[in-house]
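Visitor: 3D model of this:
(chains A and B)
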Amino acid sequence: MPGGELLLAFADAVIGTDPAALDAARGALAEKLSPAAVSAAAAVAANFTKNDRIANGLGIPIDAIAMAGHEDLREQLGLNDYRSAVNTFRHSA
Amino acid sequence: MTLYDDSAYPVRPDLAAAHASQLEKLGAPGTWGTGAQRLAIAAEARQAGYDAGVLEEPAEGGPAPELELPEVARRVVRTLAVSPKDVDQASYDDALSGGLSDAEYVEIVGVVARATNFDVFARGIGVPLRPLPAAQSGEPSRERPAAALVELAWVPTIPNGPDGGELGAELYGGKPKPYILRSLSLVPDELRAHIELEGIQYTELSRVFDYENQHHEGLTRPQVEVVAGRVSALNECFY
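Guide: Numbering: from 1, shown residues only, chains lettered A, B, ... in the order given. Predicted coordinates for the structure are as follows:
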């Protein structure tokens, strides 16, 4: 994917603790993709910082239809180890 | 003049307008909190970010909060602001046993989530955090949706379908919605604000499953999902 590694670095930096890393990630994204990519990536990162706080803060489960068929992927990615996973699994016992 | 005129990167006009409007309304009476209380929540979330090193304090952050939050609210705000992966049902139960109502808790979550959203965006485009507004006078509406009930989240929610009544039909547009688009429904104004941002910053909600649609000028949908997935993994959000 074009810019995939740069987008990952930007996502890491924008919610991280190293301003210099964020400056570098922002600059690389602007140069290799476009200046508009920086504001778009910031908008998406900000949106999901919001959603993560809503989901974890209110204890919502993943809707059943979205859970089906992804068991292997969740296991491989270690998602089942997240503390917030119990908000879904407590309803599937 | 827009909220992000000092940005070196182009910002969508609808995003700048929504952020300006929603930031201003943080200082207005909400459903359960006064303007001063809501601003104290946003300011505490920011302070937690400064303390954790994930936000940089701006030279001009707006007026100092007019009040101090109760310790129970402060705990909720600070954990949610900088460590959302650590929030669990015990945190929620502790908030209720400490004196918050379920609806007050939901409003706090909504305000912290949106304040964090505004601040991460500003940080992402390399501008100082926008000043918080002055508090407006007035009383919260204290309107609790009659249709809200405990479903599968910790907090009561307005159900999909006929059980949600007229308010549910209005909030959900007549179609069943997943929990992420219903979870704040105990405080409908918080849900409306969240949905507005979702449609601007992620994608139009009617086109969530249209993977060919490019909502942002600078990123394709797969590129958007890389950023979204990484952020949510770092926050350990199973949802």
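
Visitor: so how far is B:Thr116 from the residue of chain B found nearest chain A?
Guide: Nearest to chain A, among the residues of chain B, is B:Gly124, at 2.6 Å (Cβ to the nearest Cβ). For glycine as for every other residue, the C-beta is placed from the backbone atoms N, C-alpha and C. Per Cβ to Cβ, to the nearest Å, B:Gly124 is found 12 Å from B:Thr116.

Visitor: Which residues are in contact with each of the two?
Guide: Residues touching both B:Gly124 and B:Thr116 (Cβ atoms under 8 Å, 6 or more residues apart in numbering or on different chains) are A:Ala46.

Visitor: Just want to know which of these two has more residues nearby.
Guide: More neighbours surround B:Gly124 than the other of B:Gly124 and B:Thr116, with 30 against 27 (other Cβ atoms under 10 Å in any protein chain shown).

Visitor: show me the contacts for the closest residue to the more buried one other than its chain neighbours.
Guide: Computed as Cβ to Cβ, 6 or more residues apart in numbering or on different chains, the closest residue to B:Gly124 that is not its neighbour in sequence is A:Ala42, at 2.6 Å. Contacts for A:Ala42 were tallied using Cβ under 8 Å, 6+ apart; they are A:14, B:9, B:120-121, B:123-125.

Visitor: Swap in 7 Å and give it another go.
Guide: Listed by Cβ atoms under 7 Å, 6 or more residues apart in numbering or on different chains, the contact set of A:Ala42 reads A:14, B:121, B:124-125.

Visitor: As a markdown table, those residues with secondary structure, pLDDT and distance to A:Ala64 would be great.
Guide: Shown next, in a markdown table, are the contacts of A:Ala42 (DSSP: H, G, I helix; E, B strand; the rest coil; pLDDT from 0 to 100; distance: Cβ to Cβ, whole Å):
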| residue | secondary structure | pLDDT | distance to A:Ala64 |
| --- | --- | --- | --- |
| A:Val14 | helix | 98 | 32 |
| B:Phe121 | helix | 98 | 33 |
| B:Gly124 | helix | 98 | 34 |
| B:Ile125 | helix | 98 | 38 |
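
Visitor: just these now: which is nearest B:Asp51?
Guide: Of all the contacts of A:Ala42, B:Asp51 sits closest to A:Val14, with 18.1 Å by Cβ to Cβ.

Visitor: what's the neighbour count on that closest one?
Guide: Residues near A:Val14, counting by other Cβ under 10 Å, number 27.

Visitor: same thing with A:Gly27?
Guide: Other residues lying near A:Gly27 total 13 when counted by other Cβ under 10 Å.

Visitor: what do you get for B:Leu205?
Guide: 13.

Visitor: Just read off the phi/psi values of it.
Guide: Backbone torsions of B:Leu205, given as degrees, to the nearest 10, read phi -70, psi -30.

Visitor: hang on, it packs against B:His194?
Guide: No. If you go by Cβ atoms under 7 Å, B:Leu205 and B:His194 don't touch, sitting 11.2 Å apart.

Visitor: returning to that earlier point: so which of the contacts of A:Ala42 would you say is closest to A:Leu8?
Guide: Nearest to A:Leu8 among these is A:Val14, at 11.1 Å by Cβ to Cβ.

Visitor: Give me the distance between the closest one and A:Leu7.
Guide: For A:Val14, the distance to A:Leu7 (Cβ to Cβ) stands at 11 Å.

Visitor: Which strand or helix spans the residue of chain B most remote from its centre?
Guide: Taking Cα atoms, centre = their mean, the residue of chain B most remote from its mean C-alpha position is B:Glu212, at 27.5 Å. For B:Glu212, there is no enclosing helix or strand under DSSP states H and E.
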